[in-house]
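In: based on what follows, work out the 3D shape:
(one chain, ligands or ions: 1)
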Amino acid sequence: MIVIIGNGISGVTAARNIRKRSDEPITIISAESKYFFSRTALMYVYMGHMKFEHTQPYEPHFWTKNRIELLQDFVEHVDTSSNEVHLRNGVRLTYSQLIIASGSKPNKFGWPGQDADGVSGLYSKQDLEYIEERSPNMKTAVIVGGGLIGIELAEMLLSRNIEVHFLIREEYFFNGLFPTHTSEMLMKHFEKHHGLHMHYSTELEEIQTNNENKVTGVKTKTGKQIECQFVGLTVGVTPNIEFIKSSGIEINRGVLVNEFLETSAKGVYAIGDCAELKSPTPGRRPIEQVWYPGKFMGETVAKTITGEPTKYNPGHWFNSAKFFEIEYQTYGMVHNELQDGQDEFVYQHTEDEVLLHFVFEKESRKFVGVNNFGIRLRHPVFNDWLLKESTIEDVLTNLRSANFDPEFYKKYEQEVVERFNTKFGAKVQLEKTKWWKQLINS
Ligand SMILES: Cc1cc2nc3c(=O)[nH]c(=O)nc-3n(C[C@H](O)[C@H](O)[C@H](O)COP(=O)(O)OP(=O)(O)OC[C@H]3O[C@@H](n4cnc5c(N)ncnc54)[C@H](O)[C@@H]3O)c2cc1C
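Out: Numbers count the residues shown, from 1 in each chain. The predicted model follows:
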(Lines give C-alpha, C1' and ligand atoms only; values in the text may rest on other atoms or scores of the structure.)
Protein backbone atom coordinates (compact mmCIF):
# COMPACT_ATOMS: atom_id res chain seq x y z
CA MET A 1 0.00 0.00 0.00
CA ILE A 2 1.21 3.49 -0.88
CA VAL A 3 0.69 5.84 2.07
CA ILE A 4 0.64 9.61 1.65
CA ILE A 5 0.86 11.92 4.67
CA GLY A 6 -0.93 15.16 3.77
CA ASN A 7 -3.90 15.86 1.49
CA GLY A 8 -2.78 19.24 0.13
CA ILE A 9 -2.03 19.98 -3.51
CA SER A 10 1.20 17.94 -3.52
CA GLY A 11 -0.12 14.80 -1.80
CA VAL A 12 -3.36 14.76 -3.78
CA THR A 13 -1.59 15.36 -7.11
CA ALA A 14 0.72 12.44 -6.31
CA ALA A 15 -2.27 10.18 -5.47
CA ARG A 16 -4.21 11.11 -8.63
CA ASN A 17 -1.22 10.54 -10.86
CA ILE A 18 -0.25 7.26 -9.20
CA ARG A 19 -3.80 6.00 -9.70
CA LYS A 20 -3.62 6.83 -13.43
CA ARG A 21 -0.56 4.57 -13.67
CA SER A 22 -1.05 1.83 -11.05
CA ASP A 23 -3.69 -0.25 -9.24
CA GLU A 24 -1.83 -0.39 -5.94
CA PRO A 25 -3.93 0.61 -2.90
CA ILE A 26 -3.43 4.26 -1.91
CA THR A 27 -4.23 5.81 1.48
CA ILE A 28 -4.00 9.54 2.18
CA ILE A 29 -3.87 10.65 5.81
CA SER A 30 -4.52 14.22 6.90
CA ALA A 31 -5.27 15.64 10.32
CA GLU A 32 -6.72 18.87 8.96
CA SER A 33 -9.67 17.72 6.86
CA LYS A 34 -10.95 14.58 5.19
CA TYR A 35 -11.22 16.14 1.75
CA PHE A 36 -8.68 18.14 -0.22
CA PHE A 37 -9.48 21.84 -0.44
CA SER A 38 -7.78 24.82 -2.04
CA ARG A 39 -5.80 26.59 0.67
CA THR A 40 -5.43 29.71 -1.47
CA ALA A 41 -9.23 30.16 -1.44
CA LEU A 42 -9.60 30.30 2.36
CA MET A 43 -9.81 34.10 2.34
CA TYR A 44 -12.78 34.05 -0.03
CA VAL A 45 -14.72 31.80 2.34
CA TYR A 46 -14.25 34.35 5.14
CA MET A 47 -15.24 37.21 2.85
CA GLY A 48 -18.45 35.41 1.86
CA HIS A 49 -17.57 34.91 -1.81
CA MET A 50 -17.92 31.14 -1.49
CA LYS A 51 -18.73 28.41 0.99
CA PHE A 52 -16.02 26.10 2.33
CA GLU A 53 -17.48 23.18 0.28
CA HIS A 54 -16.79 25.19 -2.88
CA THR A 55 -13.04 25.11 -2.15
CA GLN A 56 -13.06 21.32 -2.65
CA PRO A 57 -12.19 20.59 -6.30
CA TYR A 58 -13.42 16.97 -6.14
CA GLU A 59 -16.77 15.56 -5.07
CA PRO A 60 -16.64 12.90 -2.29
CA HIS A 61 -17.44 10.13 -4.84
CA PHE A 62 -14.23 10.97 -6.77
CA TRP A 63 -12.17 9.29 -4.05
CA THR A 64 -14.21 6.09 -3.90
CA LYS A 65 -14.36 5.88 -7.68
CA ASN A 66 -10.58 6.17 -7.85
CA ARG A 67 -10.06 3.80 -4.92
CA ILE A 68 -8.13 6.33 -2.87
CA GLU A 69 -8.79 5.81 0.83
CA LEU A 70 -8.95 8.96 2.97
CA LEU A 71 -8.17 8.91 6.69
CA GLN A 72 -8.57 11.93 8.93
CA ASP A 73 -5.97 11.34 11.64
CA PHE A 74 -2.60 12.57 12.81
CA VAL A 75 0.62 10.66 12.06
CA GLU A 76 2.69 10.65 15.24
CA HIS A 77 5.64 8.58 14.11
CA VAL A 78 7.16 6.95 11.04
CA ASP A 79 9.04 3.71 11.67
CA THR A 80 11.31 3.13 8.69
CA SER A 81 12.63 -0.20 10.00
CA SER A 82 9.17 -1.82 9.93
CA ASN A 83 7.71 0.43 7.17
CA GLU A 84 4.94 1.64 9.45
CA VAL A 85 3.21 4.91 10.20
CA HIS A 86 1.74 5.25 13.69
CA LEU A 87 -1.55 7.12 13.89
CA ARG A 88 -2.81 9.01 16.93
CA ASN A 89 -5.82 6.65 17.17
CA GLY A 90 -3.42 3.75 17.80
CA VAL A 91 -3.63 2.20 14.32
CA ARG A 92 -0.38 1.28 12.54
CA LEU A 93 -0.36 1.21 8.75
CA THR A 94 2.26 -0.68 6.78
CA TYR A 95 3.47 1.01 3.60
CA SER A 96 5.27 -0.27 0.55
CA GLN A 97 6.15 3.32 -0.32
CA LEU A 98 5.57 6.44 1.74
CA ILE A 99 5.16 10.03 0.55
CA ILE A 100 5.56 12.80 3.11
CA ALA A 101 3.55 15.81 1.93
CA SER A 102 2.91 17.45 5.29
CA GLY A 103 3.12 21.10 4.18
CA SER A 104 4.03 24.07 6.38
CA LYS A 105 3.04 25.74 9.62
CA PRO A 106 3.08 29.47 10.47
CA ASN A 107 6.22 30.78 12.17
CA LYS A 108 6.27 31.95 15.76
CA PHE A 109 9.39 33.52 17.17
CA GLY A 110 8.92 33.08 20.91
CA TRP A 111 7.14 36.38 21.58
CA PRO A 112 5.60 36.74 25.04
CA GLY A 113 1.87 36.12 24.64
CA GLN A 114 2.12 34.32 21.27
CA ASP A 115 -0.02 31.41 22.51
CA ALA A 116 -2.73 33.57 24.07
CA ASP A 117 -6.40 33.41 23.16
CA GLY A 118 -6.82 35.72 20.16
CA VAL A 119 -3.53 34.97 18.39
CA SER A 120 -3.51 33.00 15.15
CA GLY A 121 -1.71 32.45 11.90
CA LEU A 122 -3.62 31.99 8.64
CA TYR A 123 -2.76 28.59 7.25
CA SER A 124 -5.29 25.88 8.00
CA LYS A 125 -9.03 25.32 7.95
CA GLN A 126 -8.83 25.39 11.76
CA ASP A 127 -7.11 28.82 11.63
CA LEU A 128 -9.96 30.11 9.50
CA GLU A 129 -12.54 28.74 11.96
CA TYR A 130 -10.62 30.27 14.86
CA ILE A 131 -10.55 33.71 13.21
CA GLU A 132 -14.20 33.41 12.17
CA GLU A 133 -15.28 32.56 15.71
CA ARG A 134 -13.49 35.57 17.22
CA SER A 135 -14.36 38.10 14.52
CA PRO A 136 -17.64 39.33 16.06
CA ASN A 137 -15.65 40.51 19.10
CA MET A 138 -12.89 42.20 17.12
CA LYS A 139 -12.81 45.96 16.82
CA THR A 140 -9.10 46.24 16.17
CA ALA A 141 -6.56 43.69 14.98
CA VAL A 142 -2.78 43.77 14.65
CA ILE A 143 -1.07 41.78 11.91
CA VAL A 144 2.62 41.04 12.30
CA GLY A 145 4.68 40.41 9.15
CA GLY A 146 4.41 41.97 5.75
CA GLY A 147 4.01 39.27 3.16
CA LEU A 148 1.28 37.93 0.92
CA ILE A 149 -0.60 36.08 3.64
CA GLY A 150 -0.51 39.16 5.89
CA ILE A 151 -2.11 41.23 3.15
CA GLU A 152 -4.76 38.57 2.60
CA LEU A 153 -5.55 38.54 6.31
CA ALA A 154 -5.75 42.35 6.32
CA GLU A 155 -8.18 42.30 3.38
CA MET A 156 -10.29 39.68 5.15
CA LEU A 157 -10.54 41.61 8.41
CA LEU A 158 -11.20 44.93 6.68
CA SER A 159 -14.11 43.29 4.85
CA ARG A 160 -15.75 42.96 8.31
CA ASN A 161 -14.98 46.61 9.21
CA ILE A 162 -12.27 45.62 11.67
CA GLU A 163 -9.55 48.23 12.04
CA VAL A 164 -6.18 46.74 11.09
CA HIS A 165 -2.67 47.71 12.18
CA PHE A 166 0.09 46.11 10.16
CA LEU A 167 3.57 45.81 11.73
CA ILE A 168 6.37 45.48 9.21
CA ARG A 169 9.98 45.08 10.29
CA GLU A 170 11.40 46.56 7.08
CA GLU A 171 11.31 50.15 5.89
CA TYR A 172 9.50 49.07 2.70
CA PHE A 173 6.77 46.51 2.10
CA PHE A 174 8.05 43.07 0.98
CA ASN A 175 11.48 44.51 0.26
CA GLY A 176 13.05 41.04 0.47
CA LEU A 177 11.21 40.13 -2.72
CA PHE A 178 10.55 43.40 -4.52
CA PRO A 179 12.76 46.38 -5.42
CA THR A 180 11.97 49.66 -3.71
CA HIS A 181 9.99 51.14 -6.66
CA THR A 182 7.58 48.22 -6.52
CA SER A 183 7.25 48.30 -2.74
CA GLU A 184 6.53 52.02 -2.90
CA MET A 185 3.69 51.56 -5.40
CA LEU A 186 2.12 48.89 -3.21
CA MET A 187 2.59 51.01 -0.08
CA LYS A 188 0.76 53.90 -1.75
CA HIS A 189 -2.04 51.51 -2.69
CA PHE A 190 -2.39 50.35 0.91
CA GLU A 191 -2.76 53.95 2.10
CA LYS A 192 -6.01 54.15 0.12
CA HIS A 193 -7.59 51.49 2.25
CA HIS A 194 -9.50 53.08 5.02
CA GLY A 195 -8.80 51.29 8.26
CA LEU A 196 -5.39 49.92 7.29
CA HIS A 197 -2.63 51.44 9.41
CA MET A 198 0.83 50.53 8.19
CA HIS A 199 3.71 50.66 10.69
CA TYR A 200 7.01 50.27 8.83
CA SER A 201 10.37 49.61 10.56
CA THR A 202 8.34 48.27 13.47
CA GLU A 203 8.85 44.97 15.26
CA LEU A 204 6.65 43.21 17.76
CA GLU A 205 7.98 43.21 21.32
CA GLU A 206 5.16 41.43 23.14
CA ILE A 207 1.50 40.49 22.96
CA GLN A 208 -0.36 41.68 26.02
CA THR A 209 -3.11 39.70 27.71
CA ASN A 210 -5.60 39.97 30.55
CA ASN A 211 -5.92 37.56 33.47
CA GLU A 212 -7.98 35.20 31.27
CA ASN A 213 -5.03 35.01 28.84
CA LYS A 214 -7.02 36.91 26.20
CA VAL A 215 -5.27 39.38 23.90
CA THR A 216 -5.65 43.02 24.93
CA GLY A 217 -2.94 44.66 22.85
CA VAL A 218 0.62 44.67 21.57
CA LYS A 219 3.75 46.57 22.43
CA THR A 220 6.28 47.24 19.68
CA LYS A 221 10.05 47.54 19.95
CA THR A 222 9.69 51.22 19.08
CA GLY A 223 7.55 51.65 22.20
CA LYS A 224 4.16 51.91 20.48
CA GLN A 225 1.20 50.49 22.33
CA ILE A 226 -1.79 49.31 20.27
CA GLU A 227 -4.96 48.03 21.88
CA CYS A 228 -6.48 45.11 20.01
CA GLN A 229 -8.53 41.95 20.44
CA PHE A 230 -6.72 39.86 17.80
CA VAL A 231 -3.14 39.38 16.63
CA GLY A 232 -2.45 37.71 13.26
CA LEU A 233 1.02 36.20 12.98
CA THR A 234 2.03 36.09 9.30
CA VAL A 235 5.80 36.08 9.54
CA GLY A 236 6.38 33.28 7.07
CA VAL A 237 6.01 29.52 7.30
CA THR A 238 8.24 26.58 8.23
CA PRO A 239 8.09 22.96 6.98
CA ASN A 240 5.70 20.99 9.16
CA ILE A 241 8.01 18.09 10.03
CA GLU A 242 8.06 17.86 13.82
CA PHE A 243 6.61 14.31 13.69
CA ILE A 244 9.43 13.15 11.36
CA LYS A 245 12.18 13.97 13.86
CA SER A 246 11.88 10.61 15.69
CA SER A 247 12.08 8.62 12.43
CA GLY A 248 15.78 9.01 11.68
CA ILE A 249 14.94 10.35 8.19
CA GLU A 250 17.49 13.01 7.28
CA ILE A 251 16.12 16.52 7.79
CA ASN A 252 17.43 20.05 7.75
CA ARG A 253 14.84 22.87 7.63
CA GLY A 254 12.67 20.47 5.61
CA VAL A 255 12.81 16.75 4.79
CA LEU A 256 15.95 16.39 2.68
CA VAL A 257 15.43 14.87 -0.78
CA ASN A 258 17.54 14.17 -3.86
CA GLU A 259 16.48 15.08 -7.41
CA PHE A 260 14.15 12.03 -7.48
CA LEU A 261 12.48 13.41 -4.32
CA GLU A 262 13.77 10.41 -2.35
CA THR A 263 14.57 10.86 1.33
CA SER A 264 17.42 9.10 3.15
CA ALA A 265 15.02 6.19 3.96
CA LYS A 266 14.34 3.54 1.34
CA GLY A 267 10.92 3.87 -0.31
CA VAL A 268 10.18 7.18 1.45
CA TYR A 269 9.71 10.39 -0.56
CA ALA A 270 8.95 14.01 0.38
CA ILE A 271 7.19 16.61 -1.77
CA GLY A 272 5.63 20.06 -1.56
CA ASP A 273 6.19 22.69 1.13
CA CYS A 274 7.87 20.23 3.53
CA ALA A 275 10.56 19.02 1.08
CA GLU A 276 14.05 20.49 0.94
CA LEU A 277 16.06 19.74 -2.19
CA LYS A 278 19.71 18.92 -1.48
CA SER A 279 20.71 20.24 -4.92
CA PRO A 280 18.10 22.66 -6.22
CA THR A 281 18.12 23.85 -9.83
CA PRO A 282 20.47 26.87 -10.09
CA GLY A 283 18.63 30.06 -9.25
CA ARG A 284 15.90 28.22 -7.32
CA ARG A 285 15.49 27.80 -3.57
CA PRO A 286 15.86 24.44 -1.83
CA ILE A 287 12.41 24.89 -0.23
CA GLU A 288 9.64 26.56 -2.26
CA GLN A 289 6.49 26.97 -0.22
CA VAL A 290 4.09 27.78 -3.04
CA TRP A 291 1.37 25.95 -4.94
CA TYR A 292 2.78 24.96 -8.34
CA PRO A 293 6.12 23.44 -7.29
CA GLY A 294 4.11 21.16 -4.95
CA LYS A 295 1.88 20.14 -7.84
CA PHE A 296 4.87 19.45 -10.11
CA MET A 297 6.57 17.44 -7.36
CA GLY A 298 3.38 15.37 -6.97
CA GLU A 299 3.38 14.60 -10.71
CA THR A 300 7.08 13.73 -10.67
CA VAL A 301 7.02 11.42 -7.65
CA ALA A 302 4.02 9.54 -9.12
CA LYS A 303 6.14 8.60 -12.14
CA THR A 304 9.10 7.46 -10.02
CA ILE A 305 6.92 5.38 -7.71
CA THR A 306 5.18 3.64 -10.62
CA GLY A 307 8.39 2.50 -12.26
CA GLU A 308 9.56 5.48 -14.32
CA PRO A 309 12.30 7.13 -12.23
CA THR A 310 12.02 10.85 -13.00
CA LYS A 311 14.09 13.78 -11.83
CA TYR A 312 12.21 16.80 -10.51
CA ASN A 313 12.34 19.67 -12.98
CA PRO A 314 10.54 22.74 -11.66
CA GLY A 315 10.54 24.50 -15.05
CA HIS A 316 10.63 28.27 -15.13
CA TRP A 317 9.49 30.04 -11.99
CA PHE A 318 6.07 31.65 -12.04
CA ASN A 319 3.58 32.78 -9.45
CA SER A 320 0.60 35.05 -9.03
CA ALA A 321 -1.19 36.82 -6.20
CA LYS A 322 -3.29 39.87 -5.40
CA PHE A 323 -2.51 42.87 -3.22
CA PHE A 324 -6.05 44.09 -2.59
CA GLU A 325 -7.13 45.19 -6.10
CA ILE A 326 -3.68 44.97 -7.69
CA GLU A 327 -3.07 41.70 -9.48
CA TYR A 328 0.50 40.46 -9.54
CA GLN A 329 2.21 37.87 -11.66
CA THR A 330 5.83 36.91 -12.05
CA TYR A 331 7.47 34.85 -14.79
CA GLY A 332 11.14 33.92 -14.60
CA MET A 333 13.39 35.04 -11.75
CA VAL A 334 13.19 38.70 -10.79
CA HIS A 335 15.10 39.51 -7.59
CA ASN A 336 14.80 42.61 -5.45
CA GLU A 337 18.27 43.60 -6.67
CA LEU A 338 19.85 43.06 -10.08
CA GLN A 339 22.21 40.09 -10.21
CA ASP A 340 25.65 40.29 -11.85
CA GLY A 341 25.46 40.98 -15.59
CA GLN A 342 21.77 41.91 -15.52
CA ASP A 343 19.96 45.06 -16.63
CA GLU A 344 16.35 46.12 -16.14
CA PHE A 345 13.53 48.14 -17.61
CA VAL A 346 10.78 49.44 -15.37
CA TYR A 347 7.55 50.84 -16.80
CA GLN A 348 5.23 52.54 -14.37
CA HIS A 349 2.08 54.32 -15.48
CA THR A 350 1.88 57.86 -14.18
CA GLU A 351 -1.68 57.53 -12.84
CA ASP A 352 -2.87 53.94 -13.00
CA GLU A 353 -1.40 51.34 -10.67
CA VAL A 354 0.36 49.49 -13.46
CA LEU A 355 3.99 48.49 -13.19
CA LEU A 356 6.09 46.19 -15.37
CA HIS A 357 9.59 45.26 -14.27
CA PHE A 358 11.59 43.42 -16.93
CA VAL A 359 15.02 41.93 -16.21
CA PHE A 360 17.40 40.76 -18.92
CA GLU A 361 21.06 39.91 -19.44
CA LYS A 362 23.05 42.99 -20.37
CA GLU A 363 25.38 41.35 -22.92
CA SER A 364 23.23 38.71 -24.59
CA ARG A 365 19.95 40.66 -24.12
CA LYS A 366 18.37 37.35 -22.98
CA PHE A 367 15.06 37.92 -21.20
CA VAL A 368 15.33 36.72 -17.57
CA GLY A 369 11.94 37.56 -16.06
CA VAL A 370 9.14 40.02 -15.45
CA ASN A 371 7.09 41.18 -12.47
CA ASN A 372 3.80 42.65 -13.61
CA PHE A 373 1.29 44.52 -11.48
CA GLY A 374 -2.14 45.79 -12.42
CA ILE A 375 -2.05 44.09 -15.83
CA ARG A 376 -2.49 40.41 -16.54
CA LEU A 377 -0.05 38.62 -18.84
CA ARG A 378 -0.27 35.12 -20.26
CA HIS A 379 1.78 32.39 -18.61
CA PRO A 380 2.15 30.08 -21.67
CA VAL A 381 3.49 32.92 -23.81
CA PHE A 382 6.06 34.02 -21.24
CA ASN A 383 7.03 30.42 -20.50
CA ASP A 384 7.62 29.91 -24.21
CA TRP A 385 9.85 33.01 -24.38
CA LEU A 386 11.83 31.78 -21.38
CA LEU A 387 12.25 28.33 -22.94
CA LYS A 388 13.33 29.83 -26.27
CA GLU A 389 15.69 32.25 -24.49
CA SER A 390 14.12 35.19 -26.32
CA THR A 391 15.76 38.60 -26.09
CA ILE A 392 14.14 41.51 -24.28
CA GLU A 393 13.60 43.14 -27.69
CA ASP A 394 11.71 40.02 -28.92
CA VAL A 395 9.58 40.04 -25.80
CA LEU A 396 8.63 43.70 -26.17
CA THR A 397 8.05 43.41 -29.92
CA ASN A 398 5.52 40.64 -29.24
CA LEU A 399 4.15 41.96 -25.98
CA ARG A 400 0.67 42.16 -27.47
CA SER A 401 0.59 38.38 -27.82
CA ALA A 402 1.05 38.02 -24.03
CA ASN A 403 -1.72 40.43 -23.21
CA PHE A 404 -4.59 38.76 -21.42
CA ASP A 405 -7.17 41.36 -22.28
CA PRO A 406 -6.04 43.26 -25.39
CA GLU A 407 -9.06 45.55 -25.61
CA PHE A 408 -8.68 46.80 -22.11
CA TYR A 409 -4.93 46.99 -21.79
CA LYS A 410 -3.73 47.98 -25.24
CA LYS A 411 -3.40 51.58 -24.10
CA TYR A 412 -0.25 50.69 -22.14
CA GLU A 413 1.71 48.67 -24.68
CA GLN A 414 2.68 51.41 -27.09
CA GLU A 415 3.88 53.55 -24.21
CA VAL A 416 5.88 50.63 -22.74
CA VAL A 417 7.74 50.16 -25.99
CA GLU A 418 8.30 53.91 -26.52
CA ARG A 419 9.80 54.30 -23.08
CA PHE A 420 12.04 51.27 -23.63
CA ASN A 421 13.23 52.69 -26.96
CA THR A 422 13.98 56.06 -25.34
CA LYS A 423 15.88 54.53 -22.43
CA PHE A 424 17.97 52.08 -24.45
CA GLY A 425 18.13 53.86 -27.84
CA ALA A 426 16.33 50.83 -29.32
CA LYS A 427 13.96 50.59 -32.28
CA VAL A 428 11.42 48.06 -31.05
CA GLN A 429 8.09 48.11 -32.86
CA LEU A 430 5.02 46.37 -31.52
CA GLU A 431 3.83 43.38 -33.54
CA LYS A 432 0.10 42.97 -33.83
CA THR A 433 0.11 39.16 -33.49
CA LYS A 434 -2.56 37.54 -31.42
CA TRP A 435 -1.44 35.37 -28.52
CA TRP A 436 -2.84 32.16 -30.00
CA LYS A 437 -1.00 32.74 -33.28
CA GLN A 438 2.19 33.17 -31.33
CA LEU A 439 1.63 29.85 -29.58
CA ILE A 440 0.71 27.99 -32.78
CA ASN A 441 3.89 29.29 -34.41
CA SER A 442 6.10 28.39 -31.48
C1 LIG B 1 -3.66 31.77 3.08
C2 LIG B 1 -2.70 31.21 2.07
C3 LIG B 1 -2.67 31.74 0.80
C4 LIG B 1 -1.78 31.25 -0.14
N5 LIG B 1 -1.76 31.78 -1.40
C6 LIG B 1 -0.90 31.30 -2.32
C7 LIG B 1 -0.88 31.82 -3.65
O8 LIG B 1 -1.62 32.75 -3.97
N9 LIG B 1 -0.01 31.26 -4.55
C10 LIG B 1 0.82 30.22 -4.21
O11 LIG B 1 1.57 29.74 -5.05
N12 LIG B 1 0.80 29.70 -2.95
C13 LIG B 1 -0.02 30.21 -2.01
N14 LIG B 1 -0.03 29.69 -0.75
C15 LIG B 1 0.89 28.57 -0.44
C16 LIG B 1 0.28 27.24 -0.90
O17 LIG B 1 -1.05 27.18 -0.49
C18 LIG B 1 1.10 26.09 -0.33
O19 LIG B 1 2.39 26.17 -0.88
C20 LIG B 1 0.51 24.73 -0.66
O21 LIG B 1 -0.83 24.64 -0.30
C22 LIG B 1 1.31 23.63 0.04
O23 LIG B 1 0.79 22.40 -0.34
P24 LIG B 1 1.31 21.04 0.31
O25 LIG B 1 0.55 19.96 -0.35
O26 LIG B 1 2.80 20.99 0.26
O27 LIG B 1 0.94 21.14 1.85
P28 LIG B 1 -0.40 21.53 2.63
O29 LIG B 1 -1.40 22.15 1.76
O30 LIG B 1 0.03 22.28 3.82
O31 LIG B 1 -0.98 20.13 3.08
C32 LIG B 1 -0.35 19.36 4.07
C33 LIG B 1 -1.39 18.64 4.89
O34 LIG B 1 -0.75 17.66 5.70
C35 LIG B 1 -1.34 17.67 6.98
N36 LIG B 1 -0.38 17.13 7.94
C37 LIG B 1 0.81 17.65 8.32
N38 LIG B 1 1.41 16.85 9.23
C39 LIG B 1 0.56 15.83 9.44
C40 LIG B 1 0.62 14.69 10.26
N41 LIG B 1 1.67 14.44 11.05
N42 LIG B 1 -0.42 13.83 10.23
C43 LIG B 1 -1.48 14.05 9.42
N44 LIG B 1 -1.58 15.11 8.61
C45 LIG B 1 -0.57 15.98 8.62
C46 LIG B 1 -1.64 19.14 7.21
O47 LIG B 1 -2.57 19.30 8.25
C48 LIG B 1 -2.14 19.54 5.84
O49 LIG B 1 -3.50 19.32 5.72
C50 LIG B 1 -0.90 30.19 0.21
C51 LIG B 1 -0.94 29.65 1.50
C52 LIG B 1 -1.82 30.16 2.42
C53 LIG B 1 -1.83 29.58 3.80
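
In: just how off-centre is stretch 104-112 within its chain?
Out: Centroid separation for stretch 104-112 versus its chain: 18 Å, with C-alpha atoms, centre = their mean, to the nearest Å.

In: likewise for stretch 377-392?
Out: Worked out by C-alpha atoms, centre = their mean, stretch 377-392 lies 22 Å from the chain centre.

In: pick out the residue of the stretch 301-442 of the chain closest to the ligand.
Out: Ala321 (4.6 Å; C-beta to the nearest ligand atom). All C-beta spots, glycine's among them, are computed from the backbone N, C-alpha and C.

In: SS state for that residue?
Out: What DSSP: H, G, I helix; E, B strand; the rest coil gives for Ala321 is strand.

In: and it, bridged to which residues?
Out: Beta-bridge pairing for Ala321 (DSSP bridges): Tyr328.

In: could you do Leu70 as well?
Out: Those that pair with Leu70 in a beta bridge, by DSSP bridges, are Ile28.

In: over to Ala270?
Out: In beta-bridge terms (that is, DSSP bridges), Ala270 pairs with Ile100.

In: ok, it to Pro239 distance?
Out: As judged by C-beta to C-beta, to the nearest Å, Ala270 and Pro239 stand 9 Å apart.

In: and if you look at Met185?
Out: From Met185 across to Pro239, the span is 32 Å (C-beta to C-beta).

In: and these two? Which one has more around it.
Out: When Met185 is set against Pro239 and neighbours are counted by other C-beta atoms under 10 Å, the residue ahead is Pro239, at 24 against 20.

In: what kind of secondary structure is Ser279 in?
Out: coil.

In: that one and Leu256 touch, don't they?
Out: No - in this structure Ser279 lies outside contact range of Leu256 using C-beta atoms under 8 Å: 10.4 Å.

In: between these two, which is the more surrounded one?
Out: A count of neighbours by other C-beta under 10 Å puts Leu256 above the other of Ser279 and Leu256, at 18 against 9.

In: that one touches Ala265, doesn't it?
Out: No - using C-beta under 8 Å, Leu256 makes no contact with Ala265, being 10.7 Å away.

In: write out the residues of the stretch 301-442 of the chain neighbouring the ligand.
Out: Residues of the stretch 301-442 of the chain that fall close to the ligand, judged by C-beta under 6 Å from any ligand atom: Asn319, Ala321.

In: where do the helices of the stretch 51-200 of the chain begin and end?
Out: 60-65, 125-134, 148-158, 180-191 (DSSP state H, counting those that start in this stretch).

In: show me what the longest one is packed up against.
Out: Okay, so that is helix 180-191. strand 196-199, strand 318-323, strand 342-348, strand 355-361, strand 367-373 (3 or more C-beta pairs under 8 Å, 6 or more residues apart in numbering; DSSP states H and E).

In: returning to what we had before: so which of the helices of the stretch 51-200 of the chain is nearest the ligand?
Out: Nearest to the ligand, of the helices of the stretch 51-200 of the chain and by C-beta to the nearest ligand atom, is helix 148-158 at 4.9 Å.

In: distance from the closest one to the middle of the chain?
Out: How far helix 148-158 lies from its chain's middle: 14 Å, per C-alpha atoms, centre = their mean.

In: state the distance from Phe166 to the ligand.
Out: With distances taken as C-beta to the nearest ligand atom, to the nearest Å, Phe166 is found 16 Å from the ligand.

In: cool, and Ser159?
Out: 15 Å.
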